[in-house]
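Student: Got a predicted model here, sequence first, then my questions.
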Amino acid sequence: MWSLLVFQQFSFFGLLFVCTAIDLILFWCSNGARERSSCPKFKQMFYRTLQNNFLLSVPLGLMAMYWLYDPPAQVTTDWTDSLNATMCLRLIAALVLEDALFYYVHRLLHHSWLYKKCHYFHHQVIEPIAMSALYTHPLEHLLLNVSPALIVPWLVRLTGQWLYLWFFLVNWGSVSSHCGFVQYLPGVQFHDDHHLYRTRNFGVLGLFDWLHGTASKGSGSGFVFLNDDQKLH
Ligand SMILES: [Zn+2]
Ligand SMILES: [Zn+2]
């Protein structure tokens, strides 16, 4: 249990600091061309990240790892033991389920009342950087980030090293979708467009945005299926 939590924390902060360093280097190299006048201060983002992580992610993660996942979450050094079709299918199911939960909860957060009370906080960031990934209202962090990430692997019964892979993917998705090096990573533009236009790209993979016709055209996601007459607004 503890090793999974330690891995989750190290992978999150490791990715966060590496992507933030690249964000800062690119910002300095562009001589501030990537203006973030409406972006909250970097220090505020860092403090909010620590609050959300240590007051919500860690305690709830511990609870899920203790009570939800199959104890003990054994990790074998031999991947061939567990690298089988069943676990691959479970991981794919987990990714689709995460996209669904993230999409519907995120759309709910765009309801005018919830947006004003809660989700506007994250949308103060117009041009995201990695450090803004957890710059959210605590309720949003609970509903949108923490709960699906913890419940989905339990629903599809991921075990052992697949849980480690899952938390790495979740952390990667959260940090990379907000990093500023849009042109270098596939999929970054997808969430960047959500911060810019707010009416498109509510999901993670883009699958449910495609199903509901809310994917923006040319968003850089692997799933861009909008009709030509659908315009950003
Ligand atoms: Zn965001
Ligand atoms: Zn939003």
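Tutor: That came through fine. Ligands and ions are numbered 1, 2, ... in the order given.
Student: Give me the below-cutoff pLDDT ranges for this protein.
Tutor: Scanning the chain for pLDDT under 70 picks out 30-40, 70-83, 182-183, 218-233.
Student: And the longest helix along the chain, what's buried?
Tutor: The helix that spans the most residues within the chain, counting by DSSP state H, is helix 2-29. Buried residues in helix 2-29, defined by neighbour count with 16 or more other C-beta atoms under 10 Å: 4-5, 7-9, 11-12, 15-16, 19-20, 22-23, 26-27. Glycine gets a C-beta too; all of them are placed from N, C-alpha and C.
Student: Next, the angle from the helix or strand that that helix is followed by to helix 2-29.
Tutor: Toward the C-terminus, helix 2-29 is succeeded by helix 42-52 as the next helix or strand (DSSP states H and E). Here the directions of helix 42-52 and helix 2-29 differ by 170 degrees (axes from the mean of the first three to the mean of the last three C-alpha atoms, to 10 degrees).
Student: elements contacting helix 42-52?
Tutor: Using 3 or more C-beta pairs under 8 Å, 6 or more residues apart in numbering; DSSP states H and E, no helix or strand is in contact with helix 42-52.
Student: Pull out the buried positions in it.
Tutor: Neighbour-count burial for helix 42-52 [16+ other C-beta under 10 Å]: Phe42, Met45, Arg48, Thr49, Asn52.
Student: doesn't His141 make contact with the last one?
Tutor: Yes - counting by C-beta atoms under 8 Å, Asn52 touches His141, with 4.4 Å between them.
Student: any shared contact partners between these two?
Tutor: Jointly contacting Asn52 and His141 under the rule C-beta atoms under 8 Å, 6 or more residues apart in numbering are Leu134.
Student: mind giving me CSV with the buried residues of helix 42-52 and columns for distance to Gln189?
Tutor: Shown next, in CSV, are those (distance: C-beta to C-beta, whole Å):
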residue, distance to Gln189
Phe42, 22
Met45, 21
Arg48, 24
Thr49, 23
Asn52, 25
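Student: Show me where the chain has its helices.
Tutor: Listed in chain order (using DSSP H), the helices of the chain are 2-29, 42-52, 58-63, 79-82, 85-109, 112-117, 138-140, 147-155, 161-176, 188-197, 207-212.
Student: What lies in contact with the third one?
Tutor: Spelled out, it's helix 58-63. Everything outside helix 58-63 that qualifies as a contact, by C-beta under 8 Å, 6+ apart, is Met1, Leu5, Gln8, Gln9, Leu142, Val146, Ser147, Leu150.
Student: For the residue nearest to the last one when sequence neighbours are not counted, which residues are in contact?
Tutor: In this case it means Leu150. Using C-beta to C-beta, 6 or more residues apart in numbering and skipping residues adjacent in sequence, the residue nearest Leu150 is Ala64, 4.1 Å away. For Ala64, the contacting residues are Leu150, Ile151, Trp154, by C-beta under 8 Å, 6+ apart.
Student: Check the gap between the residue most central in space within the chain and Lys117 for me.
Tutor: Centroid check for the chain by C-alpha atoms, centre = their mean gives Ser174 as the closest residue, at 2.6 Å. Separation of Ser174 from Lys117 (C-beta to C-beta, to the nearest Å): 22 Å.
Student: among the contacts of Ala64, which ones are buried?
Tutor: Buried, going by 16+ other C-beta under 10 Å: Leu150, Trp154, out of the contacts of Ala64.
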